[in-house]
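Chemist: missing the sequence, but the structure's below:
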């Protein structure tokens, strides 16, 4: 069996998984993102104890503990380098859990974990090479090559949100200009819609009401401003996806995160645009699709981390 | 032993290699890029026969024949899909050679072959993950991941020259605007220098004399126009390299091709620029370097293709 833990801003979700990635048992503990690191660590240890006890009851061994975090971990030192919305920097999460339980512990970014989950039970299942892109507050990504997670030689790769795809009217949090994240995240979509409202573009939308869903709904109803915002997002997201295909030519690219809830409406626009950017359009090429898993993806992907190393 | 064949526009270079990639024997036959495909194929077969005879003389078996082409091959059908400057489209090169010799035949792009050569005997030796970028008439690339060539699920990947990195004043041959190739190739450098001359920018250069070397030499001598051209090239090449590092985080990136002869002068400028574009600058990151091998790279890389599958 495997233990999968998904650390979010409001709760720790966890589960006991069998070798197929099925969740046998789920546990959730609420946390506050203002809680101190030590408190959250003790909560994680508590939840692991409960799950280990449950595994013993059914007479099964736990092979590994996997943890997905909204941040970056260092695989060599077992530390979390940072986790912005929890205020963590260089915390010894992996080290301390290993000490407690003497079981292999693997920590990885939540987008990578979601990529694994889709590969185990979702839309990228049975494909050797896949890329998962999460379109949420930011843009993140996970890359699977030859059925293994690929994060680069120094675990600094798969930063799909920070591929530079053009020039933008505002800078990215990372300090650069033109990152995919500043065109294709929900934040970016809202920022551009606000800019258009300020410029007096025709719309039924008000600044206060803006979110990705509202903008997509208005676009479907032929709101001029909303369509401009969606078209711009689609254009740059398609350049980004085109770059990924021209470079890595995976079997499939899956789109997840809040913005992907626009579903087929978004997907159709992207497919039409991406094809323009491909060097090789003849014959079989990369499929693009909407991710399938939602709430449990973090637990499943984290639990299966060891199988993807 | 292995046979490596490098098909260029003016000659077929070939060699008999030992398992370390050392060239034991070399043969070269001149060709004309206006020659018919059938003629060039018969020349290739002739050269393979000679090398096989030589291998028999020393009592060694040839394990595979590898061929590097300035174009794209389909690994499944053993056809060359196209090879622009030889005028080939869907030619049965691999099929016919296999028929003749009953030895495994592998055909790949010359940039991929050069990436292998650098990994066998050049600057990326002993690294698991490396990217080779050739800066010549165009921009090409080869990606090695976990000591194997990575060309994607449909052999359409590693098209580094067609990553879109900005907006340019002219379109790429592929039909898109903003491809890395239109900023960072020798052709692009010359085109931009010509544009600046037309605009009356201060320089000692004349339109007729322009090539990459002349422009770099003038830049070193503080020619204003030449420096503008080099700086622009470096900027966009650095965005491209930054994208590759943020995405794939390899151990090392090697720069080859005519433009890379600008050596340390170019490398220093690139290193200074690339660091600005990296999401993670702390700790160990990707090395950038100038490729080492020149003339024999095509033979060595082609010969070693089978070891990188």
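Modeler: Alright, I've got the coordinates. Just so you know, these numbers come straight off a predicted model, no measurement behind them.
Chemist: pLDDT weak spots in the stretch 201-309 of chain A?
Modeler: Judged against pLDDT under 70, the stretch 201-309 of chain A has no low-scoring part.
Chemist: Phi and psi next, for residue A:179.
Modeler: phi -60, psi 140 (degrees, to the nearest 10).
Chemist: Select the longest helix from chain A.
Modeler: Identified as the longest helix of chain A according to DSSP state H is helix A:224-248.
Chemist: list the helices and strands the helix or strand just after that one packs on?
Modeler: Once the chain leaves helix A:224-248, the next helix or strand it forms, by DSSP states H and E, is strand A:252-256. Using 3 or more CB pairs under 8 Å, 6 or more residues apart in numbering or on different chains; DSSP states H and E, the elements in contact with strand A:252-256 are helix A:110-121, strand A:130-135, helix A:224-248, helix A:263-277, strand A:287-290. (Each C-beta comes from the backbone N, C-alpha and C, glycine too.)
Chemist: List the residues that contact the most centrally placed residue in chain A.
Modeler: Closest to where the C-alpha atoms of chain A average out (CA atoms, centre = their mean) is residue A:111, at 2.8 Å. By CB atoms under 8 Å, 6 or more residues apart in numbering or on different chains, residue A:111 lies in contact with A:132-134, A:140-142, A:158, A:160.
Chemist: Is the longest helix of chain A positioned near chain B?
Modeler: Yes. For helix A:224-248, a contact with chain B is found by CB under 8 Å from any CB of the partner chain, at A:239, A:242-248.
Chemist: quick one, that helix and helix B:224-248 angle?
Modeler: 80 degrees (axes from the mean of the first three to the mean of the last three CA atoms, to 10 degrees).
Chemist: Who are the packing partners of helix A:224-248?
Modeler: Using 3+ CB pairs under 8 Å, 6+ apart, the elements in contact with helix A:224-248 are strand A:130-135, helix A:181-184, helix A:186-198, helix A:212-220, strand A:252-256, helix A:263-277, helix B:224-248.
Chemist: any chance of those in TSV, plus distance to residue B:32 and mean neighbour count?
Modeler: As requested, those are exported to TSV (distance: least, CB to CB, whole Å; neighbours: other CB atoms under 10 Å in any protein chain shown):
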stretch	distance to residue B:32	mean neighbour count
strand A:130-135	43	29
helix A:181-184	48	28
helix A:186-198	53	19
helix A:212-220	57	20
strand A:252-256	43	25
helix A:263-277	36	16
helix B:224-248	33	23
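Chemist: want to try a markdown table for the ones you listed, with distance to residue A:169 as columns?
Modeler: Formatted as a markdown table, these follow (distance: least, CB to CB, whole Å):
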| stretch | distance to residue A:169 |
| --- | --- |
| strand A:130-135 | 20 |
| helix A:181-184 | 9 |
| helix A:186-198 | 7 |
| helix A:212-220 | 17 |
| strand A:252-256 | 24 |
| helix A:263-277 | 21 |
| helix B:224-248 | 18 |
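Chemist: which among the contacts of residue A:111 gets closest to residue B:21?
Modeler: Closest to residue B:21 out of the contacts of residue A:111 is residue A:158 (31.6 Å), distances taken as CB to CB.
Chemist: Need the helices and strands packed on strand A:252-256 in JSON lines (columns: distance to residue B:63).
Modeler: Formatted as JSON lines, the helices and strands packed on strand A:252-256 follow (distance: least, CB to CB, whole Å):
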{"stretch": "helix A:110-121", "distance to residue B:63": "35"}
{"stretch": "strand A:130-135", "distance to residue B:63": "33"}
{"stretch": "helix A:224-248", "distance to residue B:63": "29"}
{"stretch": "helix A:263-277", "distance to residue B:63": "39"}
{"stretch": "strand A:287-290", "distance to residue B:63": "36"}
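Chemist: wait, which of these is closest to residue A:208?
Modeler: Proximity to residue A:208, assessed across the helices and strands packed on strand A:252-256 by CB to CB, is greatest for helix A:224-248 (14.7 Å).
Chemist: Run the angle between the closest one and strand A:252-256 for me.
Modeler: 140 degrees.
Chemist: how distant is helix A:224-248 from the center of its chain?
Modeler: 18 Å (CA atoms, centre = their mean, to the nearest Å).
Chemist: and which of the residues of helix A:224-248 next to chain B is nearest to residue B:297?
Modeler: Distances from residue B:297 to the residues of helix A:224-248 next to chain B, taken by CB to CB, are shortest for residue A:247, at 22.0 Å.
Chemist: how near is the most far-flung residue of chain A relative to its centre to residue A:224?
Modeler: In terms of distance from the mean C-alpha position of chain A, residue A:200 ranks first, at 34.4 Å (CA atoms, centre = their mean). With the distance defined as CB to CB, to the nearest Å, residue A:200 ends up 11 Å from residue A:224.
Chemist: Identify the contacts common to the two.
Modeler: By CB under 8 Å, 6+ apart, no residue touches both residue A:200 and residue A:224.
Chemist: which residue packs closest to residue A:94, ignoring adjacent ones?
Modeler: Closest residue to residue A:94 apart from its sequence neighbours, by CB to CB, 6 or more residues apart in numbering or on different chains: residue A:78 at 2.9 Å.
Chemist: Next: residue A:118.
Modeler: residue A:124 (4.6 Å).
Chemist: State the helix or strand in which the one you found lies.
Modeler: Of the helices and strands defined by DSSP H and E, none includes residue A:124.
Chemist: and it, what is it in contact with?
Modeler: A:115, A:118, A:130, A:132, A:144, A:251-252, A:254.
Chemist: again, only this time at 10 Å
Modeler: Listed by CB atoms under 10 Å, 6 or more residues apart in numbering or on different chains, the contact partners of residue A:124 are A:115-118, A:130-132, A:142, A:144, A:250-254, A:287, A:289, A:291-292.
Chemist: give me phi/psi at it?
Modeler: With angles defined as degrees, to the nearest 10, residue A:124 sits at phi -100, psi 10.
Chemist: I'd like the distance between it and chain B.
Modeler: 12 Å (CB to the nearest CB, to the nearest Å).
Chemist: With residue A:253 instead?
Modeler: Using CB to the nearest CB, we find residue A:253 at a distance of 11 Å from chain B.
Chemist: Is that residue bridged to anything, and to what?
Modeler: Beta-bridge pairing for residue A:253 (DSSP bridges): residue A:131, residue A:288.
Chemist: Run a quick check on it versus residue A:287, I expect a contact.
Modeler: Yes. Contact criterion CB atoms under 10 Å: residue A:253 and residue A:287 qualify, at 7.3 Å.
Chemist: what domains does the record give for chain A?
Modeler: Domain segmentation of chain A under automatic domain parsing yields A:2-116+A:296-308, A:126-290.
Chemist: now the ones you listed in JSON lines, with distance to residue B:38?
Modeler: Below are the domains of chain A laid out as JSON lines (distance: least, CB to CB, whole Å):
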{"stretch": "domain A:2-116+A:296-308", "distance to residue B:38": "47"}
{"stretch": "domain A:126-290", "distance to residue B:38": "24"}
